[in-house]
Structures are given as structure tokens and as C-alpha cells.
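**Student:** Build the 3D model from these lines:
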Amino acid sequence: MNLYSEIEKLKNSNKTAALCTIVNTKGSTPRKVGAKMIVKEDKGIIGTIGGGNLEKKVIENALLQIKKNEPKLFKHDLLHQHNMCCGGSVEIYIEPIKKMNRLYIFGAGHTGKALAQFANQLDFDIYVIDDRKDYIDNIETEGINKLNLDYQKVLPSLPFDKNTYVVIMTYEHAHDRDILAYCMNQPNAYLGMIGSKRKVELTKKMFIEGKLATKTALEKIDMPMGINISAESPEEIAISILAKLIDIKNSLPIPSKGGAYVEDKKNKLL
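**Tutor:** The predicted model follows:
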């Protein structure tokens with residue numbers, strides 16, 4: 001059985017699990033360094049680190065670390081802790097298997113294409129969505145999911161959770177606002193919209209006056225998107241956005257201000 005392929009399956013599913021690896025042994029032990037076992041949230045296991053009371057305790061520890069969402073090293077004295085006559089000791093490192101981060105890129109223009117290509121090098125499951133077939137077909141990088149669908153029709157079919165990142169950069173301001181109005185009511189790790197300072201302020205005004213969102217809710221949306229690095233080209237803007245996604249993903253401090261302002265005359269880049 002290939003545990004690594006099982007890990008990939010779990011990362012791409014909605015199920016949580018933990019990988020348990022023997023990293024050190026001393027004396028007589030049922031399994032040696034490198035033995036691995038996957039513990040799933042339903043208490044099911046794949047592989048083994050030795051069976052018996054040791055394995056029972058490791059499963060308990062793994063379920064706790066899944067709940068805490070943090071790794072930890074556990075030391076086990078087989079005789080004194082688990083009444084196992086082999087009598088040695090093992091150290092087992094337990095790490096939660098993180099779900100794949102899903103990235104929705106609404107808009108397959110120059111910046112959307114560049115962002116998808118850059119993000120494809122990281123741990124994102126990428127979906128580029130655009131109703132323009134020629135733009136979707138222009139993305140040829142392997143590993144990027146391409147959806148040539150109407151924005152309004154595709155939104156209800158997309159799954160959202162706390163590992164979902166949403167980037168809005170279509171060719172029409174009206175499309176951007178419609179997508180934003182829908183996505184801000186869905187669970188997500190990140191939600192951002194590209195645009196000029198004027199576009200952002202007008203969007204906030206329209207949402208508040210139309211009672212689509214409160215000022216507090218709008219402040220949680222990253223618009224204009226990205227980290228302010230004075231970006232100009234589609235590639236530079238994409239990098240500024242990806243930097244913000246990495247910042248969120250890795251739970252680093254978020255910059256207090258900034259964003260990739262895109263003047264109206266540059267909308268042709270989108």
C-alpha cells in the first residue's frame with residue numbers, strides 16, 4: 001500500500017487525518033524508524049506502527065492532534081506505559097494532514113492566468129473560472145482546473161469551506177460585485193477583489209446603501225487585493241496577490257494597509 005497516495009487523497013477530500021511516524025527507537029520494538037500509520041477522523045487507520053496498546057494510544061493521541069490542528073512528538077515506554085513485553089521505547093511524531101487549499105480565480109485574463117501559474121507551484125488546488133472560452137483555452141499549464149462557465153450559474157455549485165481562497169478579477173465591474181456579494185456569505189480563508197481605489201470605494205458605497213453588507217463585513221474583504229509593492233504588470237500584480245495568499249495561509253501578520261491598486265486605465269490587463 002502506498003501511504004503517500006493515500007495522503008494525497010485525504011488532502012483533496014473534506015476529511016481530516018494525521019500521519020504518525022516512528023522517528024526513534026531504543027531496545028526491542030515491534031516496528032522500527034520510518035514506520036508510518038495514518039489515523040483518520042473516524043478512527044480508521046491505514047498502515048501500522050506496531051499494534052497492541054501502543055497503537056491504541058497513538059490513535060488517541062492522533063485524534064487529539066487532529067482536533068488541535070498541530071503536530072507533536074510523543075515518547076512511549078512500551079513496558080511501563082503499555083505493558084508490552086518487548087520492553088523498548090519509541091518516539092512517534094504525529095502531524096495533522098492539512099487539507100489542500102482550494103483557490104478560486106474568477107477571471108482568466110492576463111493577471112488571472114499569471115496568478116494561476118504562480119500559485120500552481122504551491123499547495124493550492126486551483127480553479128480558474130471565466131465565461132470567455134478563448135481566455136480559458138489560453139491557459140495550458142497542467143494541474144489547473146479550467147471552468148468555462150457563466151459566473152452566476154457556477155457559483156451555487158462551488159464548494160466553500162475554511163480552506164477556500166477566493167480571488168475576484170473579471171473583465172466587468174458588475175460581475176466582480178455580483179461574485180463578491182455571493183462569496184462574502186460563504187465560508188472562506190480569504191476573499192479579495194481587484195480594482196482601483198475608486199472602484200473599491202464605490203463598491204463599498206453600493207453594498208452599504210443596498211444593505212448587502214455592513215461596513216464591518218466589508219472591512220474583512222481584501223480590496224484592493226494583494227500586498228502593496230507598487231505592482232504594475234499583470235505578473236507583478238499576480239505576485240502581490242499571491243504574497244497575500246501565502247501570508248494568510250501561513251498565518252503570518254497581515255499588513256496593516258496596502259493593496260495592489262489597479263487604475264481604471266489598466267483594466268485591460270484583467
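**Student:** you'd agree residue 223 is up against residue 200?
**Tutor:** Yes - the criterion here is Cβ atoms under 8 Å, and residue 223 meets it with residue 200 at 4.8 Å. C-beta: built from backbone N, CA, C; applies to glycine.
**Student:** ok, the two, which is more surrounded?
**Tutor:** More crowded of residue 223 and residue 200, by other Cβ atoms under 10 Å: residue 223, with 23 against 20.
**Student:** Okay, and the beta partners of residue 73?
**Tutor:** residue 93 (DSSP bridges).
**Student:** Quick check: it vs residue 194, distance?
**Tutor:** Using Cβ to Cβ, to the nearest Å, we find residue 73 at a distance of 43 Å from residue 194.
**Student:** Residue 60 too?
**Tutor:** Separation of residue 60 from residue 194 (Cβ to Cβ) stands at 47 Å.
**Student:** Between these two, tell me which one has more neighbours.
**Tutor:** Between residue 60 and residue 194, residue 194 has the larger neighbour count (other Cβ under 10 Å), namely 32 against 12.
**Student:** Which residue ranges of this protein form helices?
**Tutor:** 3-11, 52-68, 78-82, 110-119, 133-137, 151-154, 173-183, 197-209, 215-219, 234-249 (DSSP state H).
**Student:** Can you name every helix or strand that the last one contacts?
**Tutor:** For helix 234-249, the contact count by 3 or more Cβ pairs under 8 Å, 6 or more residues apart in numbering; DSSP states H and E identifies helix 110-119, strand 164-168, strand 190-193 as packing neighbours.
**Student:** wait, what's in contact with the most centrally placed residue in the chain?
**Tutor:** With distances taken as Cα atoms, centre = their mean, residue 101 lies nearest the centre of the chain, 2.0 Å away. By Cβ atoms under 8 Å, 6 or more residues apart in numbering, the contact list for residue 101 reads 123, 124, 125, 163, 164, 165, 189, 249.
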